[in-house]
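K.L.:
whatever this is, show me its structure:
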Amino acid sequence: DRTVKATQEIAESIEAVQTETGQAVERMNAGSERVEQGVEYAQQAGGSLNEIVGNVGELANMIQQIAAAAEQQSAAAEEISRKMQDIDAISSQSNEAAQQAATAGNQLSSSSEALRQLVGRFQVSA
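P.N.:
Numbering: from 1, shown residues only. Below is the predicted model of the structure:
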């Protein structure tokens, strides 16, 4: 009787150990699947980070190009401003020269009229 009871207890203990072992294996398999999924997520994250780093490099290059273009535009705007000032100065000089020419033309016209009147006073006998 004691032997049967001891055998049953051993059998129950073995069955309990087997059940717990099976559960432990199932948990380890589930844990392994989670680890594999975590590894996959980490690889995807790494790929995304590499892509971000590449995009940041491209963005930095674009920013440098924009800065260079802005410097060129600034230099061109300064050159245009200088040319406009030159044109303004030339325009002022041209206007002044035109006024001087008009004044000289008026003086020449007055002198011509005075000369015509003087010549008209003289009579040449033939």
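
K.L.:
every contact and neighbour count from this point should use C-alpha atoms.
P.N.:
Fine.

K.L.:
tell me which element the spatially most central residue of the chain falls in.
P.N.:
The chain has I63 as the residue nearest its centroid, 4.4 Å off, counting by CA atoms, centre = their mean. Take DSSP states H and E as the rule and I63 turns out to sit in helix 2-121.

K.L.:
just to revisit the earlier point, pull the contacting residues for the residue nearest to the centre of the chain.
P.N.:
With contacts taken as CA atoms under 8 Å, 6 or more residues apart in numbering, I63 has no neighbouring residues.

K.L.:
use 6 as the first number from now on
P.N.:
Sure thing, new numbering starts at 6, so read that last one as I68.

K.L.:
and the pLDDT at it?
P.N.:
Confidence at I68, expressed as pLDDT, is 97.

K.L.:
residues near S97, how many?
P.N.:
Residues near S97, counting by other CA atoms under 10 Å, number 12.

K.L.:
do the same with R126
P.N.:
Residues near R126, counting by other CA under 10 Å, number 9.

K.L.:
ok, now Q105?
P.N.:
Q105: 12 surrounding residues under other CA under 10 Å.

K.L.:
go on, the one 5 residues further on?
P.N.:
G110 sits with 12 neighbouring residues when counted by other CA under 10 Å.

K.L.:
measure it to S99 for me?
P.N.:
According to CA to CA, to the nearest Å, G110 and S99 sit 16 Å apart.

K.L.:
over to A21?
P.N.:
Noted for A21: a distance of 114 Å to S99, by CA to CA.

K.L.:
run through the chain and note the low-pLDDT ranges.
P.N.:
In the predicted model, the chain carries pLDDT under 70 at residues 128-131.
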